[in-house]
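Visitor: Please find the sequence and the predicted model below.
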Number of protein chains: 2
Amino acid sequence: MTAAVLSIGTELTRGELVNTNAAWISDQLTALGCEVTEHVTVPDDPEAIRGALDVLSGRNAYLVSTGGLGPTSDDVTAVSVASAAGVELERHLASLEAIRERYAAAGRELTDANARQADIPRGADVLPNPVGTAPGFALDLGRCRSFFLPGVPSEMKRMFSDRVRPLVASTIERKVHQIRLRTFGLPESVVAAKLEGLEAEHPGVCLGYRATFPEIEVKVWARTDGTASAEERVAEVAREVRRRLGEIVYGEGDDTYAAYVGRELRARRMTLALAESCTGGLISSMITDVPGSSDYLLLDAVTYSNASKSKLLGVSGEVLRGYGAVSSECAGAMADGARRLVDADLAVSVTGIAGPGGGTEDKPVGTVWIALASREAPTVTEHYALFGDRHQIRTRAAYLALRTVARAASR
Amino acid sequence: MTAAVLSIGTELTRGELVNTNAAWISDQLTALGCEVTEHVTVPDDPEAIRGALDVLSGRNAYLVSTGGLGPTSDDVTAVSVASAAGVELERHLASLEAIRERYAAAGRELTDANARQADIPRGADVLPNPVGTAPGFALDLGRCRSFFLPGVPSEMKRMFSDRVRPLVASTIERKVHQIRLRTFGLPESVVAAKLEGLEAEHPGVCLGYRATFPEIEVKVWARTDGTASAEERVAEVAREVRRRLGEIVYGEGDDTYAAYVGRELRARRMTLALAESCTGGLISSMITDVPGSSDYLLLDAVTYSNASKSKLLGVSGEVLRGYGAVSSECAGAMADGARRLVDADLAVSVTGIAGPGGGTEDKPVGTVWIALASREAPTVTEHYALFGDRHQIRTRAAYLALRTVARAASR
């Protein structure tokens, strides 16, 4: 079953608002087993809406549209749909009553503009709006079942869930099953090269990639026929992907790298201290974004100045003068100092040059030292030469530090 | 001048990713004076891409497309564009060399898949990618000047700014002049109410609002006729907006709240120490995202455990036992301790309950204490009852702490 998503609103074509509705609806339709063939966004303009309806309804089984059902003069969706369907607008009395009650409950009078929201194309099925004023409606444009919902996300989602999803679900036979594997550590091209040939070996199972810096997500999916076999085939390919990619696969679905690192620490009842310089609190911010992270993160000392490196972490003047703040020696002393301060099992430090300024010939922008101190083993340091802008260098350094923690915890 | 935005990627039509590129590009094109007539999103499918190119290029002066330029087998934009333009793909040697150098700098070998990114339609103008591997390109499809950029937002934005914007700007006669005022501190409905009537008083000048949590951007714009008068009118209304909104306007354009706070500190040669609990490094991460922040930020002590609050910041057992870690007393002691540790001019601390767990009847989720310590004045604390999810509570608490710093610095 093919489906298209139509978003109506000049605030969208002017770029004043990011279109989150199209992604949400597409995610829902895809999970139901629809193939979403296109998204189209047009301004609040009857001609543009009419044109999009003609094209999209001509080549899709379903159309889900949002926006333009409000009370203001630029809300022209209903009249445009009526024109596309060759019918008149008609005031829907039950909807009018619902709108009147909603306004009365808020202590407001019903204006003509508000009443206009009850005008829907003759013959359309009304989709009640339990959380707002404007009702939606559904009708057939040619052979395309078409749904028109408000643009307010909370209203749209409720009405889609109540009325659109059950109807679409009842007509779909071949749903999609998928597993999303989250990876950090290799670029997309290398990940793809390691998985080459896998699709050919497993007909019907597809691979997809998504880069969200600095991660690469690998998606394994297949259409199901209602039996368990597609799910088994997807699971088998996912196991093979894990085998080929090894350590870089850290989780599935909406997992995050910091949550994975937290699980590794929690599983071994280990505590962590951090000492950040160029990442400036980013590592800690990622870790504490995870609920319950106070169980393992004891401290982050963001020591942005030499003085704070000395006073808090006990980095000696000798190290700072002799090797500089961006050095193996300083990184090691920072990690040692942070670990001892709170008697943590592990401590990781990062010091480097994120740019755009501050680079030298010896230590160009992107020079990063990461150190790991632990209760039992000697402190070790690693050198990285990262590239990109300030944001990319900081983000990649934070991920590399988290990887250092995960490797140490799982050793 | 009409323009269309084409987004290419199955991850978009499947709803796995919210399309932020289309909004950003539309905002840019609108600001240049273009009328954006439609957004279309299609999967990584040559036939669908080709179909969209034919339709959009047939009715627009400009087309800006993103996505599908990567190294994997599902990246088919270049070959589809070549087909639409009726030309062959051709390997662009300078781009190939740039890609090879980028890989060499990262210590990696160039694979065939990577090299494929240098294949562009014959006759197209190459748009270099200074922050990634895949170059973009520009060519005429019929009478439509068409630009093809990578889907990675940082790369797309840089290439649009470097190459697309100047070219489009040079062809537009009635440009749009706008001033974007950045605000933090009041909800959109209150901001809009304070500015009511302003558009009616200044015909031809328009106001727009955009919410990017927790900020509200107010856009003041008008179409210009090449004379200075529109710019003067926009500037006049912007001054009136600043007058009506007062302190909450902190900057213009792409300014950030942390950069504003940094300027306030720098202007008074003041240094800052932070002590974060529930925000977990977020404030520091925002501050150090600004180049040069090491001039004023000396330290952030992210003391997530009671032990680290005691050991590092000297918060007494009495305070922790008697009042708890989320209390006015603890916040004050944290700020005092952080300030004294590095002898900073100012110190701000945040302690609170970001949720979802950890709330009690006395101290529900969203309870936040912020303290300000300074060299001269007694330490003061403020209580906030914030709402929203963990992310929203942490973000708003970080902004409120930054506001505390800005107010103290500008006093």
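Guide: Happy to help now that I have it.
Visitor: Which of the residues in stretch A:118-126 are classified as buried?
Guide: Residues of stretch A:118-126 classed as buried by neighbour count (16 or more other C-beta atoms under 10 Å in any protein chain shown): A:118-121, A:124, A:126. Placement of C-beta: from N, CA and C, glycine included.
Visitor: Mind checking which of the residues you listed are in helices?
Guide: Among these, no residue falls in helices (DSSP state H).
Visitor: Residue A:102: which element?
Guide: In this assignment (DSSP states H and E), residue A:102 forms part of helix A:93-105.
Visitor: So what touches that helix?
Guide: A:109-110, A:114-115, A:117-118, A:120, A:126, A:128-129, A:133, A:135 (C-beta atoms under 8 Å, 6 or more residues apart in numbering or on different chains).
Visitor: Now render these as JSON lines, adding distance to chain B and pLDDT.
Guide: Formatted as JSON lines, the contacts of helix A:93-105 follow (distance: C-beta to the nearest C-beta, whole Å; pLDDT from 0 to 100):
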{"residue": "A:109", "distance to chain B": "20", "pLDDT": "80"}
{"residue": "A:110", "distance to chain B": "21", "pLDDT": "83"}
{"residue": "A:114", "distance to chain B": "18", "pLDDT": "84"}
{"residue": "A:115", "distance to chain B": "24", "pLDDT": "89"}
{"residue": "A:117", "distance to chain B": "20", "pLDDT": "91"}
{"residue": "A:118", "distance to chain B": "25", "pLDDT": "94"}
{"residue": "A:120", "distance to chain B": "25", "pLDDT": "96"}
{"residue": "A:126", "distance to chain B": "26", "pLDDT": "96"}
{"residue": "A:128", "distance to chain B": "25", "pLDDT": "94"}
{"residue": "A:129", "distance to chain B": "21", "pLDDT": "92"}
{"residue": "A:133", "distance to chain B": "17", "pLDDT": "85"}
{"residue": "A:135", "distance to chain B": "24", "pLDDT": "94"}
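Visitor: which bits of the stretch 151-300 of chain A sit near chain B?
Guide: Within the stretch 151-300 of chain A, the positions adjacent to chain B are A:187-190, A:192-193, A:208-211, A:213, A:219, A:274, A:276, A:278-285, A:287-289, A:291-294, A:297-300 by C-beta under 8 Å from any C-beta of the partner chain.
Visitor: For the top helix by length along chain A, buried residues please.
Guide: Scanning chain A for the longest helix, with DSSP H as the assignment, gives helix A:390-409. In terms of neighbour count (16+ other C-beta under 10 Å), helix A:390-409 has its buried residues at A:390, A:392-406, A:408-409.
Visitor: Need the residue in chain A that's farthest from the chain's center.
Guide: Most distant residue from the mean C-alpha position of chain A: residue A:318, 45.8 Å away (C-alpha atoms, centre = their mean).
Visitor: gap between that one and chain B?
Guide: 20 Å (C-beta to the nearest C-beta, to the nearest Å).
Visitor: ditto for residue A:246
Guide: Plainly put, residue A:246 is 18 Å away from chain B if you go by C-beta to the nearest C-beta.
Visitor: how about the strands of the stretch 301-411 of chain A, start to end?
Guide: A:346-352, A:367-374, A:380-385 (DSSP state E, counting those that start in this stretch).
Visitor: just these: most buried one?
Guide: Mean neighbours per residue, mean count of other C-beta atoms under 10 Å in any protein chain shown, is largest over the strands of the stretch 301-411 of chain A for strand A:346-352, with a mean of 29.
Visitor: How about residue A:215: what's its closest non-neighbour residue?
Guide: Spatial nearest neighbour of residue A:215, excluding adjacent residues (C-beta to C-beta, 6 or more residues apart in numbering or on different chains): residue A:184 at 5.1 Å.
Visitor: wait, what's in contact with the one you found?
Guide: By C-beta under 8 Å, 6+ apart, residue A:184 lies in contact with A:214-216, A:248, A:250, A:257, A:399, A:403.
Visitor: How about the contacts made by residue A:242?
Guide: A:181, A:249.
Visitor: Look at it and tell me its secondary structure.
Guide: helix (DSSP: H, G, I helix; E, B strand; the rest coil).
Visitor: Next one: it, what pLDDT does it get?
Guide: pLDDT for residue A:242: 98.
Visitor: one step back: for the helix or strand that the helix holding residue A:102 is followed by, packing partners?
Guide: Next helix or strand after helix A:93-105 toward the C-terminus (DSSP H and E): helix A:112-115. Here helix A:112-115 touches helix A:93-105, going by 3 or more C-beta pairs under 8 Å, 6 or more residues apart in numbering or on different chains; DSSP states H and E.
Visitor: buried set for the helix it packs on?
Guide: By neighbour count with 16+ other C-beta under 10 Å, helix A:93-105 contains the buried residues A:95-96, A:98-100, A:102-103.
Visitor: Check stretch A:145-163 too.
Guide: For stretch A:145-163, by 16+ other C-beta under 10 Å, it's A:145-152, A:155-160, A:163.
Visitor: Okay, and which of those map to strands?
Guide: Among the buried residues of stretch A:145-163, the members found in strands (DSSP state E) are A:145-149.
Visitor: Quick check: the farthest pair among the contacts of residue A:184?
Guide: The two members of the contacts of residue A:184 with the most space between them (C-beta to C-beta) are A:216 and A:403, at 14.2 Å.
Visitor: how much space is there between the residue most central in space within chain A and residue A:212?
Guide: Chain A has residue A:254 as the residue nearest its centroid, 7.9 Å off, counting by C-alpha atoms, centre = their mean. Using C-beta to C-beta, to the nearest Å, we find residue A:254 at a distance of 12 Å from residue A:212.
Visitor: and residue A:288, how many residues sit next to it?
Guide: 28 (other C-beta atoms under 10 Å in any protein chain shown).
Visitor: so what's it up against?
Guide: Residue A:288 makes contact with A:294, A:297, B:278-282, B:302, B:304, B:394, according to C-beta under 8 Å, 6+ apart.
Visitor: Likewise for residue A:63?
Guide: Per C-beta under 8 Å, 6+ apart, neighbours of residue A:63: A:3-6, A:53, A:56-57, A:141, A:144-147.
Visitor: same thing with residue A:61?
Guide: By C-beta under 8 Å, 6+ apart, residue A:61 lies in contact with A:1-3, A:34, A:143-145.
Visitor: List only those of those residues flagged as buried.
Guide: Buried among these by 16+ other C-beta under 10 Å: A:1-3, A:34, A:144-145.
Visitor: picking that back up, from the buried residues of stretch A:145-163, which single one is nearest residue A:326?
Guide: residue A:157 (48.5 Å).
Visitor: can you tell me if stretch A:342-362 touches chain B.
Guide: Yes - residues of stretch A:342-362 are located near chain B by C-beta under 8 Å from any C-beta, namely A:342, A:355-357.
Visitor: can you give me the helices in the stretch 201-350 of chain A?
Guide: A:229-245, A:257-267, A:282-288, A:306-313, A:317-322, A:328-342 (DSSP state H, counting those that start in this stretch).
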